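>>> My questions concern the predicted model and sequence given below.
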Amino acid sequence: MTRSMDSVGDDSSIELLAGLASTRTIRRYTSDPVPPEDLNSILWHATRAPSGSNRQPVRYLALVDGPRAARAKSLLGESFRRGWSAKLRQDGYESGSGLDPDSPKARQARAMQEYVDNIESVPVVVLVCLVRYRDPNPYEGASVYPACQNLLLAARALGYGGALTMWHQGVESELRSLLDVPDDVALSACITLGKPRGSHGPVRRKPLHDVVFDDRWGVEAEWAHDPEGTRHAGGAPR
Ligand SMILES: Cc1cc2nc3c(=O)[nH]c(=O)nc-3n(C[C@H](O)[C@H](O)[C@H](O)COP(=O)(O)O)c2cc1C
């Protein structure tokens, strides 16, 4: 039985909300493996996510230490490094405040570089896949990404951390042939997982009143406010 079944029905909503508010993207991992029982539990909780008509079109291709995992991780490593190097230039990480090595931008850039330089030794990579049952459409991700978030939250609950990425796309055709992924299956996300080096903590987002409208588009909701002490990112605090 997976761990959470023991507590189903408990009033654990406070812990659940605390997890939602503090599950950061974790890109630095120790070399500790993720034992099969924990990976099992993480993926079981991922599969509890909703999907359209409960069709459950999501599949999880776990790359741990099987015969193809090392080759797949090495392909991913190449692609992640290319992906980051393009983003580094596009997003101006090496200009403006990024020139100051103590700036948040420069620290973020170093963390990202370390992440992409170490993809080959990430304990677990999960390719989250969608078995298509109709032609590709803009909404098909709606049945996949709830499962991705469940996966990340379950990992968090068990003491792990992860990062949802799209940088598998640079080697998608190579991955498909290496891993025998059928043509009607989309590779929707690539999630890296492991024991965090560093820690989770409150995530920073835009202020709630910037993103919630009341009754009509653009009308600020009087009742929308962040809990005391919330720190923001990506939007000016009031
Ligand atoms: C759809 C999506 C795509 C993402 N793609 C990448 C990616 O390719 N590489 C990466 O390092 N992080 C990726 N992320 C992680 C985001 O950068 C991260 O969630 C965001 O910066 C907020 O950081 P936080 O989760 O620590 O609060 C992605 C997240 C989402 C939801």
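Received it, and whenever you're ready, just let me know what you need. Numbering: from 1, shown residues only.
>>> how about P50, what does it touch?
P146 (Cβ atoms under 8 Å, 6 or more residues apart in numbering). Yep, even glycine has a C-beta here, placed from its N, CA and C like the rest.
>>> In terms of helix, strand or coil, where does it fall?
Of the three states, P50 takes coil under DSSP: H, G, I helix; E, B strand; the rest coil.
>>> Excluding residues flanking it in the chain, which one is nearest P136?
Excluding the flanking residues, the one nearest P136 by Cβ to Cβ, 6 or more residues apart in numbering is A186, at 7.2 Å.
>>> now that neighbour, what's its secondary structure?
A186 ends up strand, using three-state DSSP.
>>> ok, so what distance separates it from the ligand?
14 Å (Cβ to the nearest ligand atom, to the nearest Å).
>>> Quick check: that residue touching D135?
No: applying Cβ atoms under 8 Å, one finds A186 not in contact with D135, separated by 11.4 Å.
>>> who has more neighbours, those two?
Legend: neighbour count by other Cβ atoms under 10 Å for A186 and D135, higher for A186 (18 against 6).
>>> What residues does that one make contact with?
The contact partners of A186, taken as Cβ under 8 Å, 6+ apart, are 129-130, 132, 136, 140, 144.
>>> Let's see which of those end up in strands.
129-130 (DSSP state E).
>>> Next, give me the two most distant ones among the contacts of A186.
C129 and P136 (13.4 Å; Cβ to Cβ).
>>> Which secondary structure state does the residue nearest the centre of the chain sit in?
Nearest to the mean C-alpha position of the chain, by Cα atoms, centre = their mean, lies L164 at 2.4 Å. L164 falls in the strand class when you classify it by three-state DSSP.
>>> E172: what's its closest spatial neighbour, skipping adjacent residues?
Per Cβ to Cβ, 6+ apart, closest to E172 is L187, 5.8 Å.
>>> and that neighbour, what does it touch?
L187 sits next to 127-129, 168-169, 172, 175-176, 181 when contact means Cβ under 8 Å, 6+ apart.
>>> surely S31 meets S121?
Yes: between S31 and S121 there is a contact at 6.7 Å, judged by Cβ under 8 Å.
>>> Tell me, how many residues neighbour I42?
Considering only other Cβ under 10 Å, I42 is surrounded by 28 other residues.
>>> do the same with Y60
Applying other Cβ under 10 Å, we find 17 residues neighbouring Y60.
>>> For it, list the residues it contacts.
Y60 neighbours (Cβ under 8 Å, 6+ apart): 43, 46, 126-129, 151.
>>> The same query, at a cut-off of 7 Å, please.
Going by Cβ atoms under 7 Å, 6 or more residues apart in numbering, Y60 touches 43, 46, 126, 128.
>>> Check which helices and strands the longest helix seen in the chain sits against.
Scanning the chain for the longest helix, with DSSP state H as the assignment, gives helix 69-90. Judged by 3 or more Cβ pairs under 7 Å, 6 or more residues apart in numbering; DSSP states H and E, the packing partners of helix 69-90 are strand 58-63, helix 104-117, helix 172-179.
>>> now it against strand 58-63, angle please.
Angle of helix 69-90 versus strand 58-63, following axes from the mean of the first three to the mean of the last three Cα atoms, to 10 degrees, is 100 degrees.
>>> What are the contacting residues of helix 69-90?
Under Cβ under 7 Å, 6+ apart, the answer for helix 69-90 is 63, 94, 109, 112-113, 116, 119-120, 122, 125, 167-168, 170-171, 174-175, 178-179, 190.
>>> Thank you kindly, that will do.
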